[in-house]
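Enquirer: Test case, fold it:
(one chain, ligands or ions: 2)
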Amino acid sequence: MVLKLSSRINIFLQQKGQGMAIFSKKSKFTDMEKGIYSKSQLEFLLSLELDSTESREAFTYKEMRKVGQDQKRGEPLVVMVFNQKGGVGKTLTCFNLAAISHARGKNVTLIDIDGQANLSKLIKEVGENNVYNFIKGWRTRPDAYDAITDYATEIMEGFRLLGSGAENFNASSYLDRFFMRESAEDEGEFEANTEQFVSLFQKVKNSKEKNDIIIVDAGPSRGTLNQFFFSCADVLICPLNTDEFSYEGIEDLLESREFSEEVYGINNHCEIRFLINDRDQEEDLDAFIDSVSRDPIVGPNLLGTFLPKSKYFKKSIKEKTPIFCLSPDMPKHKKNYSAKDEEINQEEARLAKKEFMDSIKCFVDIADEIDKISLMETKESSRSSEVNATFNW
Ligand SMILES: Nc1ncnc2c1ncn2[C@@H]1O[C@H](COP(=O)(O)OP(=O)(O)OP(=O)(O)O)[C@@H](O)[C@H]1O
Ligand SMILES: [Mg+2]
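Expert: Ligands and ions are numbered 1, 2, ... in the order given. Purely as a prediction, here's the structure:
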């Protein structure tokens, strides 16, 4: 099939190798669909090698998704990104992981459970149709939705957002009753609470039937909303800054999970992966990796990739655009170059491209890791025994 070249593709082909996709300056998240990708870019994003007989140079975003859909699929997963520390890159990770997962052909729902609503603002503010209203409302209309993600807003084909709202405190305290058995006044109330807890849990689990991946962006707190979603998660990704080695919040979550197991009979053990964020470059990265690798909790669950310090992360957030839809900042071409200037320019261009590609690669690696988890056989049982063995607190 010969792809008809539009002017957009022509621009792209002229700049081939310099960027991932070409957009207007004001591109937004939903412009992803307009992207045009070269064969090598597509291979890079999807971590695969295309058949070498494929002669086309350019692929539309839709075609890229189709290639991704044809790859081997695992089980759908609920992936929660959490650390009680603020500013460690949770929202950045959710946003870019969701975008890459969608480009790979997955049906994605993002759930923003952080009252700051940072993620929702990057994509679309969804008003009343938010996770808190769902949680509060499901009691009065328990049969309205089978799955929590049915309540989400469709942003584009295969991509939905269940956004955040300012009422998060209400939702969190509403959920408190499930985590504090003492708050129930009598046995009847406790039973009713149990039933509700299990039914809400079920609605999150039912969401997997309609999605390939559900990504939950948690706020920096140990509140009950986070505890509840942890009970539902199949994978927890915990970003860590190199100067603040902290997973205390996870200890709390694990306790709350034990509680929901004991009290509500919910047994949903998840894979935990730690993700180093080298944002501050305060410590020697190798020394830090070396020290955390020896930690019995973090070491065995450290992701094989890390978030490098990158200006493209800030740019991704500022321009509300996934990194792979941006372009690297190339040095400006001046007139009357000397040979030395040209050399400096080329080196700057090389470094810009490297920083840019590294900023995408870390999310591609995380997506690969999640694919691996989703393909694990006898997922539930192997996962729980593995976590039990590793997380013996
Ligand atoms: N490695 C990095 N290099 C450069 N900037 C980074 C890096 N990691 C994170 N940032 C920037 O730091 C800011 C905070 O990141 P982000 O909002 O993802 O953190 P968070 O953990 O979600 O914060 P909160 O706990 O408040 O929700 C963002 O502007 C992000 O682009
Ligand atoms: Mg955040």
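
Enquirer: Please count neighbours and contacts with C-alpha atoms only from this point.
Expert: Will do.

Enquirer: From what I see, Gln266 and Ser260 are in contact.
Expert: Actually, residue 266 is Ile. It isn't Gln. Yes. With contacts counted by CA atoms under 8 Å, Ile266 reaches Ser260, the gap being 5.9 Å.

Enquirer: Can you pick out the residue with more neighbours from these two?
Expert: Counted by other CA atoms under 10 Å, Ile266 and Ser260 do not tie: Ser260 has more neighbours, with 22 against 18.

Enquirer: what pLDDT does the more buried one get?
Expert: On the pLDDT scale, Ser260 is placed at 79.

Enquirer: Overlap in contacts, Ile266 and Ser260.
Expert: The overlap between the contact sets of Ile266 and Ser260 (CA atoms under 8 Å, 6 or more residues apart in numbering) consists of Ser231.

Enquirer: ok, for Leu50, nearest residue in space, not its chain neighbours?
Expert: Distances taken as CA to CA, 6 or more residues apart in numbering place Glu43 nearest to Leu50, at 6.6 Å, with adjacent residues excluded.

Enquirer: May I ask which helix or strand encompasses the one you found?
Expert: According to DSSP states H and E, Glu43 maps onto helix 39-46.

Enquirer: Please state the offset of that helix from the chain centre?
Expert: Helix 39-46 sits 19 Å away from the centroid of its parent chain (CA atoms, centre = their mean, to the nearest Å).

Enquirer: Convert that helix to CSV, retaining C-alpha atoms only.
Expert: What follows is helix 39-46, C-alpha atoms only, in CSV (Å, rounded to 0.1, in the frame of the first residue of the first chain):
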residue,chain,number,x,y,z
LYS,A,39,9.2,3.0,10.4
SER,A,40,12.1,3.4,12.8
GLN,A,41,10.1,5.6,15.1
LEU,A,42,7.3,3.1,15.1
GLU,A,43,9.7,0.3,15.9
PHE,A,44,11.2,2.3,18.7
LEU,A,45,7.9,3.1,20.3
LEU,A,46,6.6,-0.5,20.0
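
Enquirer: helices or strands up against whichever helix or strand comes after that helix?
Expert: Remark: after helix 39-46, the chain's next helix or strand is strand 58-60, criterion DSSP H and E. In terms of contacts (3 or more CA pairs under 8 Å, 6 or more residues apart in numbering; DSSP states H and E), strand 58-60 is packed against strand 36-38, helix 39-46.

Enquirer: Take those and lay them out in TSV including mean pLDDT and distance to Lys62.
Expert: Listed next are these as TSV, based on pLDDT from 0 to 100; distance: least, CA to CA, whole Å:
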stretch	mean pLDDT	distance to Lys62
strand 36-38	87	9
helix 39-46	91	11
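
Enquirer: okay, those in TSV with distance to ligand 1 and mean neighbour count next?
Expert: Converted to TSV, those look like this (distance: least, CA to the nearest ligand atom, whole Å; neighbours: other CA atoms under 10 Å):
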stretch	distance to ligand 1	mean neighbour count
strand 36-38	24	24
helix 39-46	20	20
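
Enquirer: quick one: which of these is nearest Asn211?
Expert: Of all those, helix 39-46 sits nearest to Asn211, with 18.7 Å by CA to CA.

Enquirer: for the closest one, packing partners?
Expert: When contacts are defined as 3+ CA pairs under 8 Å, 6+ apart, helix 39-46 packs onto strand 58-60, helix 339-375.
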